[in-house]
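Visitor: Sharing a sequence plus its predicted fold:
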Amino acid sequence: MEDKVRIGVYICHCGTNIAGTVDVSEIAEFIRGLPSVVVAKDYMYMCSDPGQNMIKEDIQQLGLNRVVVASCSPMLHEHTFRQAVQDAGLNPYLFEMANIREHASWVTKDPKLATDKAKALVSAAVRRVYYQEPLEVKEVSVTPSVLVVGGGIAGIQAALEVANAGHKVYLVEREPSIGGHMAQFDKTFPTLDCASCIFTPLLSAVGQNPNIELMTYSEVEEFSGYIGNFKAKIRKKARYIDEDKCNGCLVCVEKCPWKAVSEFDEGLVERKAIYTPFAQAVPNIPVIDTEHCVYFSKGTCRACEKFCGPKAIDFEQQDKEVEVEVGAVILATGYDAFDPSVITDYGYGRYDNVITALQFERMCNASGPTDGRIVLKDGSEPKSIAIIHCVGSRDKNYHEYCSRVCCMYSLKYSHLIKEKVEDAEVYQFYIDMRCFGKGYEEFYERVSNEGVDFIRGKVGEVTDRATTEEEQGKLVVVAEDSLMSAMLRVPVDMVVLSTALEARSDAEAVARLFNISRSADGFFLERHPKLDPVATTTDGTFVVGCAQGPKDIPDAVAQASAAAARVLAMISKGKVEIEAATAVIDEELCSACKICNLLCPYSAITFDEEKEVSQVNEALCKGCGVCVAACPSSAITGKHFTTEQIMAEIEGVLA
Amino acid sequence: MSFEPKIVAFLCNWCSYRGADLAGTSRMKSPPNVRPIRVMCSGRVEPSFIMKAFEAGADGVLILGCHPGDCHYMEGNYQTMRRIALLKNMLSQLGVEDERLRLEWVSASEGGRFVSITNEMTEQVRNLGPFSHRNGGSNG
């Protein structure tokens, strides 16, 4: 070793979080006795400015060349302290952290056990840091373009923010049009803005923005690379329409004799086999649904082709693969609505007039299947409507979490019913009213004064079995009023189920494609729930909107703008730092067995035929260490996780 | 005084270390017998690390990684699975009880699972008694 190793160890009290259980001065005393330790101090808050300055001064005055901080998890402050030692002129990889909070003071109330464990963890860090070596952090340039996946409100907001700053955006949407769930909505709570009035201008802004390359009816198939330098392969599914020729007149749709259930209208009506999902679709170019088009199943018809003026119909069109290079990706893949047919007691799918929240939303929408009229299956107007909250949410059988928007949209429905149907009775069956946002409590107050019945209690059953004359021909909502401790039977004409928001059914596959994690509820996991809510553990990959968890429009928009700001910061800096802790192969020791070549999940190891040795491409290596562990000749070193360092740590935790 | 085993736990950086952090942050109580060592991926854990741990005084070794299919490095945990199966074979020939080495999956959101696995492992190893490498396992 070039210089004599001089280690400084700093033990944080974290207020009483650590010092309340762990005897910090005992640890400092113990550590002072370890070889190469020059100084060991304890201090109230190591992460504070005075704490960091203490380290910096000691590095300079005592000539420290290794630093250990024993405090919280490295997930929280490793970066802080690496920066501090670097400021004092020490290579950041000569720093090591011992986690004596999450892993010691918080795991037991017994001061002796906590102190013993903390001692072991600090002494392991001291032994490990002895062998740590300076590493060079490399910088790579950032491709100044962004991939946004999902064209709902969150994806649109993120795309527009980045594009308006002058950078290229590839916006990929699976459906034939952008818009997502928000395009289905009628009014938005609590202001009752008309959703299309505020949203349609955004849709056309996306369509017209020269910086946004919109790829609808497309999906990302492959994704590779690393922060600043990702590659995506996108499959543009065949629409069977030549997009350059189509003028959006939609005569083809009018002439098409074949029908299918409309997804956009939640199955309430039918659409044609050639269709755009809704009138304001962007792009306004139809697609042919080959499953329902008779030409594709039987080889005859071609009515659309006959009537198409610009000759844009192309039955021979094939899927296209497009490759793009981007510096970052923003995932805004949204949510699925919970399917309430699994709760058989509520009768969805069995009773015509039990409908979901989104079906009701479409019904209320002036451009929806009923022109905005609230009607029963037979076309008549309901005189009484029950709205059941928390269908699939806050329920251990389905989703434990609260879907956060259902209370508010249920209040909105109450208001719309009162507005559209004279003298209608509205019953809200709720567990708790959660109206937490700006102006939400006021909206609750307003709707409460509009003559809506609020019944606190979970609904047990919706049935058509009448027990009294009044119940004849009605749907009876059977529930417990938990404020009155009474069982109720409420006869109504229509039941609306406030269905949960759940993770997309293919969220697992998407998480795998982009190499990010999911939380226990199935939604994408953010890097930190409070301090880093839009980043993920994969650098350069961000999650926004309901893909990260149920949320309302204001929160989705705020997240989208936040992610856009992060991406723009990367682009304006032009460079990002990449992993320094990569693998390196000692060519002298490599026996050319090529085991590592096959193991590397990133194809970062290639074989040099001339030299007959394997070599690591450091830009591609992510430092997982799989090859290091597998090399039979011990020719590979995993930087910052060397065998020597880990062996020393093992001895330390057991000392 | 009852025997308190020492258990070395290799935790992957992305799932299990964060799961252990979450258990701590949520103030769930877990056995202080477990001594965590962070590796980037469970696939970095060499058989020699495990042998070293037993040699240096561990009574049990835990390896925790991301759930199959959820590995941050795509498939590192599958390599671990194969490697540990082979090592277990060898350890049994050396007379080391199977229960002293355990591979499990704990995700970043599974603080509770981290606690229950570490509790089980501690109990299991406590019942086996101290590991003695000089005679090749306590029953060797």
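Guide: It's in.
Visitor: so how many other residues sit close to residue 96?
Guide: Going with chain A. Residue A:96: 28 surrounding residues under other Cβ atoms under 10 Å in any protein chain shown. (Glycine included, C-beta is placed from N, CA and C.)
Visitor: I was after chain B.
Guide: Residue B:96: 24 neighbours (other Cβ under 10 Å).
Visitor: That one: which element?
Guide: Residue B:96 is part of no helix or strand, with elements assigned from DSSP states H and E.
Visitor: Tell me, how many residues neighbour the nearest residue to residue A:303 once chain neighbours are set aside?
Guide: Leaving aside its sequence neighbours, residue A:303 sits nearest to residue A:255 (Cβ to Cβ, 6 or more residues apart in numbering or on different chains; 4.9 Å). Using other Cβ under 10 Å, residue A:255 is surrounded by 15 other residues.
Visitor: residues of stretch A:481-491 that come out buried?
Guide: Going by neighbour count (16 or more other Cβ atoms under 10 Å in any protein chain shown), the buried part of stretch A:481-491 is A:488-491.
Visitor: of those residues, closest to chain B?
Guide: residue A:488 (37.2 Å; Cβ to the nearest Cβ).
Visitor: Mind pulling the model confidence for the residue of the stretch 551-655 of chain A found nearest chain B?
Guide: Of all residues in the stretch 551-655 of chain A, residue A:625 sits closest to chain B, at 3.1 Å by Cβ to the nearest Cβ. Confidence at residue A:625, expressed as pLDDT, is 96.
Visitor: swap in residue A:452?
Guide: pLDDT at residue A:452 comes out at 95.
Visitor: So which bits of stretch A:121-137 are buried?
Guide: Neighbour-count burial for stretch A:121-137, counted by 16+ other Cβ under 10 Å, picks out A:121-132, A:135.
Visitor: Please enumerate the strands of chain B.
Guide: Using DSSP state E, the strands of chain B run over residues B:7-12, B:34-39, B:60-65, B:101-105.
Visitor: what about the nearest residue to residue A:467 once chain neighbours are set aside, distance to residue A:390?
Guide: Of all residues not flanking residue A:467 in the chain, residue A:489 sits nearest, at 7.1 Å (Cβ to Cβ, 6+ apart). Between residue A:489 and residue A:390 the distance is 20 Å, computed by Cβ to Cβ, to the nearest Å.
Visitor: next one: residue B:55
Guide: For residue B:55 relative to residue A:390 (Cβ to Cβ), the value is 56 Å.
Visitor: More neighbours: which of those two?
Guide: residue A:390 (25 against 14).
Visitor: wait, is that one part of a strand?
Guide: Yes. With DSSP: H, G, I helix; E, B strand; the rest coil as the criterion, residue A:390 is assigned to a strand.
Visitor: tell me which parts of the stretch 101-250 of chain A are close to chain B?
Guide: Within reach of chain B by Cβ under 8 Å from any Cβ of the partner chain, the stretch 101-250 of chain A has these residues: A:101-104, A:106-110, A:113-114, A:116-117, A:120-121, A:124.
Visitor: now these: which count as buried?
Guide: If we count by 16+ other Cβ under 10 Å, these have these buried: A:101-104, A:106-108, A:113-114, A:116-117, A:120-121, A:124.
Visitor: Identify, from these, the entry nearest to residue A:361.
Guide: Of all these, residue A:361 sits closest to residue A:102, with 43.5 Å by Cβ to Cβ.
Visitor: list the contacts for that closest one?
Guide: A:72-73, B:20-21, B:23-25 (Cβ atoms under 8 Å, 6 or more residues apart in numbering or on different chains).
Visitor: Can you tell me the centre-most residue of the chain?
Guide: Since no chain was named, I'll use chain A. Nearest to the mean C-alpha position of chain A, counting by Cα atoms, centre = their mean, stands residue A:548 at 3.0 Å.
Visitor: oops, chain B please
Guide: Centre-most residue of chain B, counting by Cα atoms, centre = their mean: residue B:62, 0.4 Å.
Visitor: I'd like the mean pLDDT over stretch A:513-531, please.
Guide: Stretch A:513-531 comes out at a mean pLDDT of 88.
Visitor: tell me which residues in that stretch are buried?
Guide: So, applying 16+ other Cβ under 10 Å, buried residues of stretch A:513-531: A:513-519, A:522-527.
Visitor: In helices, which of the residues you listed appear?
Guide: Among the buried residues of stretch A:513-531, the subset assigned to helices under DSSP state H consists of residue A:513.
Visitor: Turn the buried residues of stretch A:513-531 into JSON lines, columns for distance to residue A:552.
Guide: Below are the buried residues of stretch A:513-531 laid out as JSON lines (distance: Cβ to Cβ, whole Å):
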{"residue": "A:513", "distance to residue A:552": "27"}
{"residue": "A:514", "distance to residue A:552": "25"}
{"residue": "A:515", "distance to residue A:552": "29"}
{"residue": "A:516", "distance to residue A:552": "23"}
{"residue": "A:517", "distance to residue A:552": "24"}
{"residue": "A:518", "distance to residue A:552": "21"}
{"residue": "A:519", "distance to residue A:552": "19"}
{"residue": "A:522", "distance to residue A:552": "19"}
{"residue": "A:523", "distance to residue A:552": "15"}
{"residue": "A:524", "distance to residue A:552": "18"}
{"residue": "A:525", "distance to residue A:552": "20"}
{"residue": "A:526", "distance to residue A:552": "17"}
{"residue": "A:527", "distance to residue A:552": "22"}
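Visitor: any idea which of the buried residues of stretch A:513-531 is closest to residue B:104?
Guide: Among these, and counting by Cβ to Cβ, the member closest to residue B:104 is residue A:517, at 17.0 Å.
Visitor: how about the nearest residue to that closest one, chain neighbours excluded?
Guide: Leaving aside its chain neighbours, residue A:517 sits nearest to residue A:525 (4.2 Å; criterion: Cβ to Cβ, 6+ apart).
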